[in-house]
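1. Sequence first, then the predicted structure, then my questions.
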Amino acid sequence: MQGYRITTVVDEMNLQVIHEFLVNCYWSKGIPFSTLKRAIENSLSFGVLTHQGEQVAFARMITDRATYAYLADVFVIESHRGKGIAKWLMQTIMIHPDLQGLRRITLGTRDAHGLYEKVGFKPLAHPQIFMEVWKPDIYNNS
């Protein structure tokens, strides 16, 4: 995409910008910087940068790179939305060599179903087999 590039090199990403965005999101409200940094370092992370190095989008796959992945923390900075960045980012993620041959890739979203459907995601085929331990307020107690 003209004017942008995608990197998986964490050292090229601006973790402060990523944190400033995610700390206010419904799915990661209040996440401590140190927790987010550890999560990014232990995931297959994707940053979208301008050619000047400005962080404008992010996503990460929590994965063993063999059987399973969970897509998390996808965002595009508001001033860069409407340019197709999210679609390009998702297409790039889905063809990444480390994510081929996985048995299952999942995600959770409240409002971006259309984006994810474009790259092959569907509602759970058997939601009754999934369980969770969910602590939505965990960052409020740290």
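-> That came through fine. Numbering: from 1, shown residues only.
2. Going by C-alpha atoms from here, please, whenever you check contacts or count neighbours.
-> Fine.
3. secondary structure element for the residue positioned nearest the centre of the chain?
-> Ranked by distance to the mean C-alpha position of the chain (Cα atoms, centre = their mean), the top residue is residue 59 at 2.5 Å. Per DSSP states H and E, residue 59 falls inside strand 55-63.
4. So which elements touch that strand?
-> Counting by 3 or more Cα pairs under 8 Å, 6 or more residues apart in numbering; DSSP states H and E, the packing neighbours recorded for strand 55-63 are helix 15-22, strand 44-50, strand 68-76.
5. Let me know how buried the nearest residue to residue 43 once chain neighbours are set aside is, in neighbour terms.
-> Closest residue to residue 43 apart from its sequence neighbours, by Cα to Cα, 6 or more residues apart in numbering: residue 62 at 4.9 Å. Neighbourhood size, residue 62 [other Cα atoms under 10 Å]: 19.
6. how close does residue 62 sit to residue 84?
-> Counting by Cα to Cα, to the nearest Å, the gap from residue 62 to residue 84 is 24 Å.
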